[in-house]
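Enquirer: Quick one, what's the 3D model for this:
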Amino acid sequence: MIVVKDIDVGRELTEEQKAMLEKAKNAPLVFDEDNPPLSDEQLKKFEKVGNKKRITMYVDNEVIEYYKKMSEECDIPYQTLINMCLKQSVKAAAHLDFIWNKPA
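Expert: Coordinates of the predicted model:
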């Protein structure tokens with residue numbers, strides 16, 4: 001619920017207005033009652049975006065479905081899971097072993 005009250009800055013505040021301001025000062029910031037603040041545990045699941053770059057790429061449906069299913073099981077967004085797997089390959093200096101026939 002959002003409450004809007006006009007305050008005439010030229011007048012001294014009423015006791016009701018002072019009480020409202022005191023209550024507001026001590027209330028937690030919640031901008032949407034349907035979306036309460038995240039817990040510390042939920043916040044830990046986020047990664048800083050610092051060195052990330054947005055790209056567009058085509059990915060096979062079976063790959064997307066696999067990561068979406070995994071996402072539901074571990075409560076991590078599927079895009080983050082894909083990035084985590086790619087990052088793990090980079091850190092391990094993994095060499096991919098496959099044969100790719102480039103389309104004509």
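
Enquirer: Low-confidence stretches in this protein?
Expert: Residue ranges of the chain with pLDDT under 70: 1-7, 30-31, 33, 47-49, 94.

Enquirer: residues touching the residue nearest the centre of it, list them.
Expert: Among the residues of the chain, the one closest to the centroid is residue 46, at 6.2 Å (CA atoms, centre = their mean). Residues near residue 46 by CB atoms under 8 Å, 6 or more residues apart in numbering: none. Placement of C-beta: from N, CA and C, glycine included.

Enquirer: Name the SS class of it, please.
Expert: coil (DSSP: H, G, I helix; E, B strand; the rest coil).

Enquirer: Stretch 69-89: end-to-end distance?
Expert: For stretch 69-89, the separation between the terminal residues is 21 Å (CA to CA, to the nearest Å).

Enquirer: ah, wrong one, I meant stretch 90-104
Expert: Across stretch 90-104, first to last residue, CA to CA, it's 29 Å.
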